[in-house]
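> Mind looking at a prediction? Sequence and model below.
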Amino acid sequence: MTTVEEPRMTVLAYSVPVAARLIGVGPLRAWDLVREGTIPSFVEDGHRLISRQALEDYVTNRKDVAGDLA
């Protein structure tokens, strides 16, 4: 019997607590970043979500703090 694999779904948006874990900050800091508009978010069906692209942009545009100390 041949099995058919279903295509893997790409996650496009994360809840704030999950996004916090992905970028290595606590949930309160993640909520602060959303509140101040540093990380854009949107509401869908009553849930605040952050797009994968917004997280990638945030991480990419972060200043290298360790590099500033050199």
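Everything's here; your move.
> show me what contacts residue 7?
Counting by CB atoms under 8 Å, 6 or more residues apart in numbering, residue 7 touches no other residue. Where C-beta positions appear, they are placed from N, C-alpha and C, glycine not excepted.
> Kindly provide the distance from it to residue 20.
Separation of residue 7 from residue 20 (CB to CB, to the nearest Å): 28 Å.
> what about residue 3, which helix or strand?
Under DSSP states H and E, no helix or strand contains residue 3.
> how near is it to residue 10?
Distance from residue 3 to residue 10, counting by CB to CB: 22 Å.
> Also residue 20?
20 Å.
> The two: which is more packed in?
Taking neighbours as other CB atoms under 10 Å, residue 20 and residue 10 compare with residue 20 leading, 22 against 6.
> Just say helix, strand or coil for the more buried one.
helix (DSSP: H, G, I helix; E, B strand; the rest coil).
> so who does it touch?
26, 27, 29, 30.
> how many neighbours does the third one have?
Using other CB under 10 Å, the number of residues around residue 29 comes to 12.
> same check, this time on residue 40
Residue crowding around residue 40 was assessed by other CB under 10 Å; the count is 14.
> show me the contacts for it.
Contacts of residue 40 (CB under 8 Å, 6+ apart): 50, 51, 54.
> Equivalent analysis for residue 48, please.
Neighbours of residue 48 in contact, by CB under 8 Å, 6+ apart: 15, 16, 34, 41, 42.
> Would you mind naming the residues that bridge with it?
residue 43 (DSSP bridges).
> now it: how far from residue 38?
Counting by CB to CB, the separation of residue 48 from residue 38 is 14 Å.
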